[in-house]
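Undergrad: please find the sequence and the predicted model below.
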Amino acid sequence: MSKIIRGTIAGPIVALLLMLACPMEASATDAQGVIRTLEASLATAVRAKDIDQIMSKYTVSDALVVFDVIPPRQYTGWQACKDHWQSFLAICKDAPTLKISELEIYGGAGFAYSHSIEHFACTNQQGKKLDLIFRVTRGYANFRGEWLIAHEHVSVPVDLTTGQADLQSKP
């Protein structure tokens with residue numbers, strides 16, 4: 001019996017497990033295209049200060065965690081993330097700009113992550129130009145065929161000599 005299992009059943013089972021563990025390249029490529037579109041539409045929503053469109057890119061979950069450069073250290077849950085976006089965009093007197101560059105996406109079928117450089121600028125309520133460059137890492141989950149941001153980490157380099165954030169970081 002063990003020869004029959006190994007010869008006729010085990011081969012297809014192993015092949016199936018390998019296909020599930022290593023998604024085909026087309027599925028990873030498809031996911032990357034969808035996530036690139038998600039990122040572009042997120043940038044468009046930020047430029048329009050459209051909170052509803054911004055938040056449509058995030059999982060509606062208490063498990064959503066966003067680490068940002070703006071205190072507090074973390075925002076937990078969809079509502080906290082939404083409140084944070086509203087406060088952040090309220091700083092801008094005009095329409096902000098947001099450019100995403102160096103976007104790299106990894107993963108496929110169910111989960112993926114990306115890292116990018118994001119350049120955000122606007123005029124604040126006092127008329128001063130705000131010009132920031134962030135490093136952003138996002139984790140995505142595919143919920144019933146829809147890719148959404150499930151985790152976000154925004155950071156900037158810090159000059160350890162002065163303790164000051166480098167808001168204009170260059171490679």
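TA: Structure received. Numbers count the residues shown, from 1 in each chain.

Undergrad: who's in contact with the residue nearest the centre of the chain?
TA: Of all residues in the chain, the one closest to the mean position by C-alpha atoms, centre = their mean is R138, 2.8 Å from it. With contact taken as C-beta atoms under 8 Å, 6 or more residues apart in numbering, R138 is in contact with Y113, S114, H115, I149, H151, E152, H153. Yep, even glycine has a C-beta here, placed from its N, CA and C like the rest.

Undergrad: where does this structure dip in pLDDT?
TA: Scanning the chain for pLDDT under 70 picks out 1-27.

Undergrad: run the last query once more with 80
TA: Scanning the chain for pLDDT under 80 picks out the ranges 1-29, 171.

Undergrad: which residues in it form strands?
TA: 65-67, 74-76, 97-107, 111-123, 129-143, 146-155, 158-159, 164-165 (DSSP state E).

Undergrad: including distance to D50, could those strands go into a markdown table?
TA: A markdown table is the format used below for these (distance: least, C-beta to C-beta, whole Å):
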| stretch | distance to D50 |
| --- | --- |
| strand 65-67 | 18 |
| strand 74-76 | 19 |
| strand 97-107 | 12 |
| strand 111-123 | 15 |
| strand 129-143 | 19 |
| strand 146-155 | 16 |
| strand 158-159 | 32 |
| strand 164-165 | 28 |
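
Undergrad: these: which one's closest to G33?
TA: Closest to G33 of the strands of the chain, according to C-beta to C-beta: strand 97-107, at 9.1 Å.

Undergrad: hey, C-alpha coordinates of that closest one in CSV?
TA: Presented in CSV, the C-alpha positions along strand 97-107 are these (Å, rounded to 0.1, in the frame of the first residue of the first chain):
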residue,chain,number,x,y,z
THR,A,97,1.3,67.0,-3.7
LEU,A,98,2.3,63.3,-3.2
LYS,A,99,4.8,61.6,-5.4
ILE,A,100,5.6,57.9,-4.9
SER,A,101,8.9,56.7,-6.3
GLU,A,102,11.1,53.7,-6.1
LEU,A,103,8.0,51.5,-5.5
GLU,A,104,9.0,47.8,-5.1
ILE,A,105,6.4,45.2,-4.6
TYR,A,106,6.9,41.6,-3.4
GLY,A,107,4.5,38.8,-2.8
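
Undergrad: adjacent strands (with direction) for it?
TA: Paired strands of strand 97-107, with direction, are strand 111-123 (antiparallel) (DSSP bridges).
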